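In: would you be able to build a 3D model of this:
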Amino acid sequence: MHKKFIKRLQNCNSVIIASVIAAGLLPMLSGCSINLESAVASQLTKMNFITQKTENESPLSERRIDTKVALLLPLNAAGHAAIVAKEMKQAAEMALFESNYSGFHMLVKDTKGTAESAAAA
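Out: Next comes the predicted model:
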């Protein structure tokens, strides 16, 4: 049974990798606890791309930097992976829409549930 589990886990590597990447991005994209614009502004301030905001200005008003993120998901994989991938894509799109941050661009790439397709994406 242990060998079957290991073999099955090896076959699901790309699904797991995509899920971990997406799960890591979702908290950043969600509007529940983090304001995307504030989070981006905070990181840019730490990296000295922008200065601290004054009272009546947006944190990103001095310099608008576009942010691009690729979301690797097994959209055409077999089984439940494709269903979960579609739901994760929709959740990321909803969070992006709700954040109303125009400088953030998300590109969704299909890994097809294989390591080769994930590497190509």
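
In: list the buried residues of the one helix or strand Ala92 maps to.
Out: Per DSSP states H and E, Ala92 falls inside helix 80-99. Under the neighbour-count criterion of 16 or more other CB atoms under 10 Å, helix 80-99 has 81-82, 84-85, 88-89, 92, 95-96, 99 buried. (C-beta placed from N, C-alpha, C; glycine too.)

In: where does the prediction get shaky in this structure?
Out: Counting by pLDDT under 70, the low-confidence segments of the chain come to 1-65.

In: how about a cut-off of 80?
Out: Applying pLDDT under 80 to the chain flags residues 1-66, 99-103, 121.

In: picking that back up, after the helix holding Ala92, which helix or strand is next?
Out: Counting by DSSP H and E, the next helix or strand C-terminal to helix 80-99 is strand 104-110.

In: so which elements touch that next one?
Out: strand 67-73, helix 80-99 (3 or more CB pairs under 8 Å, 6 or more residues apart in numbering; DSSP states H and E).

In: can you give me the buried ones in the shortest one?
Out: Within strand 67-73, the residues that qualify as buried by neighbour count (16+ other CB under 10 Å) are 71-73.

In: residues near Leu107, how many?
Out: Leu107 has 10 neighbours, counted by other CB atoms under 10 Å.
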